[in-house]
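J.: Here's a sequence, model it:
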Amino acid sequence: MAMDSTKVAVVQSWPQPRSVRGLCGFLGLTGYYRRFINNYGSIAAPLTQLLRKEAFAWTDAATTVFADLKATLSTAPVLHLPDFSTEFVVDCDASGSSFGAVLH
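T.: Numbering: from 1, shown residues only. Sure thing, here's the model as predicted:
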């Protein structure tokens with residue numbers, strides 16, 4: 001499976017968050033791909049708990065989850081590019097306020 005090596009490099013080099021703002025950035029990235037990660041909410045729970053008011057204290061569990069999410073994001077099929085040598089279908093739908101597409 002072909003993957004975008006620049007995206008993989010960005011995910012793999014993401015530094016460990018040192019603040020709530022940094023953690024929000026990482027969770028924003030992983031949340032964008034959440035539909036491709038089984039049980040994302042359960043996996044990311046130790047990190048989302050750090051977002052509570054006055055609760056940011058990095059733990060070994062947070063380090064493990066952070067590394068696991070980085071590994072999951074940098075492996076196929078999450079960052080997998082479509083195979084342009086085969087046929088695929090893009091279904092689109094639009095309304096007055098938004099546009100959606102699904103790649104089959």
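J.: Identify the residues contacting Leu23.
T.: Listed by CB atoms under 8 Å, 6 or more residues apart in numbering, the contact partners of Leu23 are Pro17, Leu47, Leu50, Leu51, Phe56. Bear in mind the C-beta positions are built from the backbone N, C-alpha and C, glycine included.
J.: which ones are touching Pro15?
T.: Listed by CB under 8 Å, 6+ apart, the contact set of Pro15 reads Gly22.
J.: same thing with the one 3 residues further on?
T.: Residues touching Arg18, when contacts are defined by CB under 8 Å, 6+ apart, comprise Trp58.
J.: wait, is it part of a strand?
T.: No - secondary structure of Arg18, determined by DSSP: H, G, I helix; E, B strand; the rest coil: coil, with no strand assignment.
J.: and Lys7, how far is that from Thr63?
T.: 23 Å (CB to CB, to the nearest Å).
J.: Then Glu87?
T.: The span separating Glu87 from Thr63 equals 43 Å under the rule CB to CB.
J.: the more surrounded of those two?
T.: Thr63 (12 against 7; other CB atoms under 10 Å).
J.: wait, is that one part of a helix?
T.: Yes - secondary structure assignment places Thr63 in a helix (three-state DSSP).
J.: Contact partners for it?
T.: Shown in contact with Thr63 (CB under 8 Å, 6+ apart): Gln16.
J.: Roughly how far does it sit from Thr6?
T.: Here the criterion is CB to CB. By it, Thr63 lies 25 Å from Thr6.
J.: go on, Phe99?
T.: Applying CB to CB, one obtains 26 Å for the distance of Phe99 from Thr6.
J.: now swap in Arg52 and tell me
T.: Counting by CB to CB - Arg52 and Thr6 are separated by 34 Å.
J.: And Ser19, by the same measure?
T.: With distances defined as CB to CB, the gap from Ser19 to Thr6 amounts to 26 Å.
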